[in-house]
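Chemist: Just a sequence and a predicted model for now, questions to come.
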Amino acid sequence: MSSISDLRRILGTCRTIAVVGLSPQWHRPSFFAAKYMQAHGYRIVPVNPSATEILGERCFPSVSEAARQLASQGVKIDMVDCFRRSDDIAPIADEAIATGARCLWLQLGVINEAAATKARDAGLDVVMDRCVKIEHARLFGGLNWAGVNTRVISSRRPQQLPY
């Protein structure tokens, strides 16, 4: 399980996020989470073979293709955020490892222990069964503005600002 300090470190350092399964439909959770992260200064790289553009960014058919195209611009994918079924994660984890990503993030309800172990063994940080948007809002201020108990009580300001 990822500690609060691990999540803060990951979200503070991984600024380019490939979102696998990002939907072009505004009402889908993947779109909402990616739009939130984009609004908070993260570069979103949509990975969806059936779309050409999402959130104003070019869409790629795979993480490998996205990494290849972005490398020519000097951009590296830091995090691979997965909005896919648990059974679909193994090849995505392989792509994350092959492209040199630093983190494999599996969204709420997505759990694949074998893929997570493989990614950890390759040196990636792995977060499972958590939403990147919820964790960002919880740890960097956002959820508490709406009166939600974040279970993070501290008189200290975050050491890193997300912006």
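Modeler: The structure has been received and is ready for your questions.
Chemist: Straight-line length of stretch 61-79, end to end?
Modeler: This stretch, stretch 61-79, spans 17 Å end to end (Cα to Cα, to the nearest Å).
Chemist: Okay, strands next: where are they in the protein?
Modeler: Under the criterion DSSP state E, the chain contains strands at 16-20, 43-47, 53-54, 57-58, 79-82, 103-106, 125-127.
Chemist: where does the protein dip in pLDDT?
Modeler: Flagging of the chain using pLDDT under 70 yields the residue ranges 1, 142-163.
Chemist: At the geometric centre of it, which residue do we find?
Modeler: The residue lying closest to the centre of the chain (Cα atoms, centre = their mean) is Asp81, at 3.4 Å.
Chemist: so it makes contact with Leu11?
Modeler: No: Asp81 is beyond contact range of Leu11, at 11.1 Å (criterion: Cβ atoms under 8 Å). Quick note: C-beta positions are derived from backbone N, CA and C, even for glycine.
Chemist: okay, and the common contacts of these two?
Modeler: Among the neighbours of Asp81, those also in contact with Leu11 (Cβ atoms under 8 Å, 6 or more residues apart in numbering) are Val132.
Chemist: Output the strands of the chain in TSV, with distance to Ala96 appended to each entry.
Modeler: Output for the strands of the chain, formatted as TSV (distance: least, Cβ to Cβ, whole Å):
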stretch	distance to Ala96
strand 16-20	8
strand 43-47	11
strand 53-54	20
strand 57-58	19
strand 79-82	4
strand 103-106	5
strand 125-127	9
